[in-house]
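In: here's my sequence, what's the structure:
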Amino acid sequence: GEYPVMASVVIPVRNRVATIADAVRSALGQTLPLPFNVIVVDNGSTDGTSQVLDDMAATDSRLIVLRPGPDEHLGIGGCWNLGVHHPLCGRFAVQLDSDDLYSSPSPPQTIVDKFRRERCAMVIGSYRMTNFQLETLPPGVIDHKEWTDTNGHNNALRINGLGAPRAFFTPLLRKIRVPNTSYGEDYALGLAFSREYRIGRIYDVLYLCRRWEGNSDAALSIEKQNQNNSYKDSLRTLEIRKRQALLRHPLSW
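Out: This next block holds a predicted model:
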């Protein structure tokens, strides 16, 4: 198919006035030799985030700001669906969260090269945990090296996360779609992709995951952690049943 650009960096955001400009600048500062853009889905921000985005979009045509209607009730996954179905989305859709940064000006190019070299459907990199000053926080680098090229298909079911940044071959992401939730949507998507398609792994640090006082994952209660883990257990159960059904009736898929 034809795409307006090679890659789009997709950033869902809601009320991140303290971090969104840094994230957008990190995305726009990438050095891809082929055309790319940045699609930000501003999901009802009320804290000044919208004005920051409008000001930045006025000075750089590569920045596209989308705003869902008030009755759409989108989670992070729904924002992703809105972004990747936009006609200006590129051949590959690359993740960046609204309070994080790329580690250098080259991660999207590294990811595109991986797609082209291995013809995979999804690519997952590695990240480093930092504070707001980009100083490393424990446990440091998260690379999920226990998930290798040879065991990835089923090993994704054995681990509680798949790493970041994530990137997708856009036509397949449009077909599979992202669950409209704000937690675990990335894990569910990785399981769905690995059911039938190859996922390429990059173990170099491509991404800085910043933890700060306004971050939703900065200080989760034990109860919330248990709730999150229970949700991922349910995703794994559902995925195992789908894979069992695929083995029993392969033509039905």
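
In: Leu162 touches Asp186, doesn't it?
Out: Yes - using Cβ atoms under 8 Å, Leu162 is in contact with Asp186, at 6.9 Å. Placement of C-beta: from N, CA and C, glycine included.

In: tell me the buried residues in the longest helix seen in the chain?
Out: Across the chain, the longest stretch assigned as helix under DSSP state H is helix 222-248. Within helix 222-248, the residues that count as buried by 16 or more other Cβ atoms under 10 Å are Asn228, Lys232, Leu235, Arg236, Glu239, Arg243.

In: shouldn't Ile11 be within a strand?
Out: Yes - counting by DSSP: H, G, I helix; E, B strand; the rest coil, Ile11 is found in a strand.

In: count the neighbours of it for me.
Out: Using other Cβ atoms under 10 Å, Ile11 has 29 other residues around it.

In: thinking Phe132 is in contact with Leu208, fair?
Out: No - between Phe132 and Leu208 no contact is recorded; they are 10.5 Å apart, counting by Cβ under 8 Å.

In: those two - which one has more neighbours?
Out: When Phe132 and Leu208 are compared for neighbours, Leu208 comes out ahead with 18 against 15, by other Cβ under 10 Å.

In: just checking: what are the partner strands of whichever strand or helix holds the more buried one?
Out: Take DSSP states H and E as the rule and Leu208 turns out to sit in strand 199-210. Strand pairing for strand 199-210, determined by DSSP bridges: strand 101-102 (antiparallel), strand 122-130 (parallel).

In: could you give the bridge partners of the residue most central in space within the chain?
Out: Most central in the chain under Cα atoms, centre = their mean is Gln95, positioned 3.5 Å from the mean C-alpha point. Beta-bridge partners of Gln95, counted by DSSP bridges, are Val10.

In: how about it, what does it touch?
Out: The neighbourhood of Gln95, defined by Cβ atoms under 8 Å, 6 or more residues apart in numbering, consists of Val9, Val10, Ala164, Pro165, Arg166, Ala167, Asp186.

In: next step: the residues you listed restricted to helices.
Out: Among the contacts of Gln95, the ones falling in helices (DSSP H) are Asp186.

In: closest one of the contacts of Gln95 to Ala21?
Out: Nearest to Ala21 among these, counting by Cβ to Cβ, is Val9 at 14.4 Å.

In: mind giving me the packing neighbours of the worst-scoring helix or strand of the chain on mean pLDDT?
Out: Least confident helix or strand, the chain: helix 152-155 with a mean of 78, by mean pLDDT, DSSP states H and E. Helices and strands touching helix 152-155, by 3 or more Cβ pairs under 8 Å, 6 or more residues apart in numbering; DSSP states H and E, are helix 185-196.

In: next, the angle from the helix it packs on to strand 122-130.
Out: If you take axes from the mean of the first three to the mean of the last three Cα atoms, to 10 degrees, helix 185-196 sits at 150 degrees to strand 122-130.
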